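A.B. asks: coords below, sequence missing:
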Ligand code: FEO
């Protein structure tokens, strides 16, 4: 296993999880990496580590450069076990090493590993000298756990950003510029939508802090490293995502169907958006994973969700999606509930409440649309006319 030199004396020594396809419910079609960074200086420093089952891979990469027993300092930017899983074995190997983290990090590590290691507590603004380089720390609480922090090296202008700016991509390439940029940006957006989105307010603060630092390399804890030319782009996209910039000319029509009646309605709704010049995506929950739909939620203003009525409620696929959506908490969206029904028609008010109630998704809602049994041509035509008027009213208000 080879270490990859990113800058003279600074190496990527992480692990590649080629097989990963599910990250607590997030579909990771491209796998992932857990990035650890080795800095060779007077004090040899390792920033973050890897999942426990990939410890040997990380050690092999470190051994490509130095004897791992020579590491003096461990820095833990985040407690979550994809970045701390190697710690128990690392500490066994390095009983003398100092382990730097913030108060929430130390508390979290103690609760995870039930060990009182050689901790050194740091807080925002603190810095340590490791020789000819300095490492300074900025806590970034709730991006996306209480313990997250950045480590910054001013001499190198490198930000070790942990989960922020990450992407779930397994690749032999280590730099964003070595991969098709569209793929990297799509995975960064998916990562934001599925991991970071609920903490957008905190990201706004983090971006303000990052603006104070000259940065010519961002080393996240997943995926590829951002180099100078790509940094303005990813920072600007993070600003859009963190400030909830959504496009009133983008819509999603998300649904599941029993006998294709709700699907027919979804098609008519899609056509109506397109007729008005609003780019719409038709997303069937039978064939599209909820974590991919979340990627599309970033940027789309109109979110229409449809379900037929089943057992006086909504279909389980739609319920799973709505609860996932609610947890990730996108703001400032316009919602529409729709569905076909047989007799009770409960799915439509349930969906309307789940999308519109401020205690649920809190979207600004349009009037819900329901059709009994199989939509006729007249039903679909009436749906289109009704929806067209509703959309135009919303657009005029914006
Ligand atoms: Fe990649 Fe929050 O761990």
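C.D. replies: Now that the structure is in, tell me what you want to look at. Only a predicted model underlies this, so the values are computations on that prediction, with no experimental measurement involved.
A.B. asks: which residues does residue 326 contact?
C.D. replies: 354, 360-361 (CB atoms under 8 Å, 6 or more residues apart in numbering). Placement of C-beta: from N, CA and C, glycine included.
A.B. asks: Repeat the analysis, applying 6 Å as the threshold.
C.D. replies: 360-361 (CB atoms under 6 Å, 6 or more residues apart in numbering).
A.B. asks: cool, the one 3 residues further on as well?
C.D. replies: Residue 329 sits next to residue 198 when contact means CB under 6 Å, 6+ apart.
A.B. asks: Quick check: the gap between it and the ligand.
C.D. replies: Distance from residue 329 to the ligand, counting by CB to the nearest ligand atom, to the nearest Å: 17 Å.
A.B. asks: what do you get for residue 200?
C.D. replies: 16 Å.
A.B. asks: for residue 308, same thing?
C.D. replies: Where the ligand is concerned, residue 308 sits at a distance of 37 Å (CB to the nearest ligand atom).
A.B. asks: Neighbours of that residue, how many?
C.D. replies: Residues near residue 308, counting by other CB atoms under 10 Å, number 28.
A.B. asks: same question, residue 324
C.D. replies: Other residues close to residue 324 by other CB under 10 Å number 16.
A.B. asks: is it true that it lies in a helix?
C.D. replies: Yes - per DSSP: H, G, I helix; E, B strand; the rest coil, residue 324 lies within a helix segment.
A.B. asks: Please enumerate the strands of the stretch 201-350 of the chain.
C.D. replies: Ranges of strands in the stretch 201-350 of the chain, per DSSP state E, counting those that start in this stretch, are 217-220, 226-227, 247-255, 279-284, 300-306, 334-341.
A.B. asks: ok, residues contacting the third one?
C.D. replies: Residues lying outside strand 247-255 but in contact with it, judged by CB under 6 Å, 6+ apart, are 262, 266, 269-270, 273, 278-283, 293, 296, 299-306, 398.
A.B. asks: Weed out the non-buried ones from those.
C.D. replies: By neighbour count, with 16 or more other CB atoms under 10 Å, those hold 262, 266, 269-270, 273, 278, 280, 282-283, 293, 296, 299-306 as buried.
A.B. asks: what residues does this protein put near the ligand?
C.D. replies: Contact residues (CB under 6 Å from any ligand atom) of the chain with the ligand: 78, 80, 82-83, 144-145, 163, 221-222.
A.B. asks: Of the residues you listed - the most surrounded one?
C.D. replies: residue 221 (28 neighbours).
A.B. asks: what's the spacing between that residue and residue 293?
C.D. replies: 25 Å (CB to CB, to the nearest Å).
A.B. asks: again with residue 148
C.D. replies: 26 Å.
A.B. asks: same check, this time on residue 3
C.D. replies: 38 Å.
A.B. asks: What's the per-residue pLDDT of residue 290 here?
C.D. replies: Per-residue pLDDT puts residue 290 at 98.
A.B. asks: Check the burial of it by counting its neighbours.
C.D. replies: Neighbour tally, residue 290, other CB under 10 Å: 22.
A.B. asks: pretty sure it is in contact with residue 325, am I right?
C.D. replies: No - judged on CB atoms under 6 Å, residue 290 makes no contact with residue 325 at a distance of 7.8 Å.
A.B. asks: hang on, residue 159 in a helix?
C.D. replies: No - the assignment for residue 159 (three-state DSSP) gives strand, which keeps it out of a helix.
A.B. asks: buried set for stretch 126-134?
C.D. replies: 128, 130, 133.
A.B. asks: Kindly reformat those residues as CSV containing pLDDT.
C.D. replies: Compiled in CSV, these are given as follows (pLDDT from 0 to 100):
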residue, pLDDT
128, 98
130, 98
133, 98
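A.B. asks: I'd like these laid out as TSV, including secondary structure.
C.D. replies: Below are the buried residues of stretch 126-134 laid out as TSV (three-state DSSP):
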residue	secondary structure
128	strand
130	coil
133	coil
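A.B. asks: Show me which of those is closest to residue 103.
C.D. replies: residue 128 (16.3 Å; CB to CB).
A.B. asks: who's in contact with the closest one?
C.D. replies: residue 135.
A.B. asks: how does it look with 8 Å?
C.D. replies: 73, 100, 122, 134-135.
A.B. asks: which one of those sits closest to the ligand?
C.D. replies: residue 100 (17.9 Å; CB to the nearest ligand atom).
A.B. asks: how close does residue 309 get to residue 269?
C.D. replies: Residue 309 is 18 Å from residue 269, by CB to CB.
A.B. asks: Give me the distance between residue 50 and residue 217.
C.D. replies: Relative to residue 217, and taking CB to CB, residue 50 is found at 20 Å.
A.B. asks: Residue 301 contacts residue 330, doesn't it?
C.D. replies: No - with contact defined as CB atoms under 8 Å, residue 301 does not reach residue 330; the gap is 10.3 Å.
A.B. asks: Now list whatever residues contact both of these two.
C.D. replies: With CB under 8 Å, 6+ apart as the test, residue 301 and residue 330 both reach residue 246.
A.B. asks: Could you dump the residues of the chain next to the ligand into TSV and include pLDDT, secondary structure and distance to residue 8?
C.D. replies: Formatted as TSV, the residues of the chain next to the ligand follow (pLDDT from 0 to 100; DSSP: H, G, I helix; E, B strand; the rest coil; distance: CB to CB, whole Å):
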residue	pLDDT	secondary structure	distance to residue 8
78	98	coil	26
80	98	coil	30
82	98	helix	28
83	98	helix	25
144	91	coil	32
145	96	coil	32
163	95	coil	27
221	98	coil	22
222	98	coil	24
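A.B. asks: For these, name the two members farthest from one another.
C.D. replies: 145 and 222, at 14.3 Å, using CB to CB across the residues of the chain next to the ligand.
A.B. asks: Can you tell me, leaving aside adjacent residues, what's nearest to residue 196?
C.D. replies: residue 144 (5.6 Å; CB to CB, 6 or more residues apart in numbering).
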